[in-house]
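# This is the structure alone, sequence omitted:
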């Protein structure tokens with residue numbers, strides 16, 4: 001796998017970890033501040049995921065994805 005594609009795959013794995021952590025954090029939070037924190041984490045993960053998936057699709061269209 002090309003290094004640039006590997007980095008995209010790692011980014012998508014990180015996104016999944018971010019989403020999992022935001023769910024776990026929401027389940028155990030005790031105040032609104034933590035709710036805000038995990039909401040920001042979740043929102044950021046979805047934004048990163050959207051860009052990473054678009055870039056993966058772009059690489060695939062160009063024939064650069066292994």
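Right, received. Where do you want to start? Because the structure is a prediction, the values reported are computed rather than measured. Numbers count the residues shown, from 1 in each chain.

# residue boundaries of the helices in this structure?
3-28, 32-61 (DSSP state H).

# What spatial separation is found between the most centrally placed residue in the chain and residue 40?
Closest residue to the average C-alpha location of the chain: residue 15 at 2.1 Å, with Cα atoms, centre = their mean. Using Cβ to Cβ, to the nearest Å, we find residue 15 at a distance of 14 Å from residue 40. Any C-beta I mention is one placed from the backbone N, CA and C, and that applies to glycine too.

# same thing with residue 9?
The gap separating residue 9 from residue 40 is 24 Å, by Cβ to Cβ.

# Sort out which residues of stretch 7-14 are buried, please.
Neighbour counts over stretch 7-14 (16 or more other Cβ atoms under 10 Å) mark 8, 11 as buried.

# quick one: contacts of that stretch?
1, 48, 49, 52, 53, 55, 56, 59 (Cβ atoms under 8 Å, 6 or more residues apart in numbering).

# what's the answer for stretch 38-50, then?
With Cβ under 8 Å, 6+ apart, stretch 38-50 has contacts from 11, 12, 14, 15, 18, 19, 21, 22, 23, 25, 26, 29.

# let's see it at 10 Å
For stretch 38-50, contacts defined as Cβ atoms under 10 Å, 6 or more residues apart in numbering pick out 11-12, 14-29.

# Filter the residues you listed down to the buried ones, ChimeraX style.
Per 16+ other Cβ under 10 Å, the buried members of the contacts of stretch 38-50 correspond to this ChimeraX selection:
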select :11,15,18,22,25
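
# want to try JSON lines for the helices of the chain, with mean pLDDT as columns?
Compiled in JSON lines, those are given as follows (pLDDT from 0 to 100):
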{"stretch": "helix 3-28", "mean pLDDT": "97"}
{"stretch": "helix 32-61", "mean pLDDT": "97"}
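
# you'd agree the residue nearest to the centre of the chain is up against residue 56?
No - at 11.8 Å, residue 15 does not count as touching residue 56 under the criterion of Cβ atoms under 10 Å.

# give the contact list for the residue nearest to the centre of the chain.
Contacts of residue 15 by Cβ under 10 Å, 6+ apart are 44, 45, 46, 47, 48, 49, 50, 51, 52, 53.
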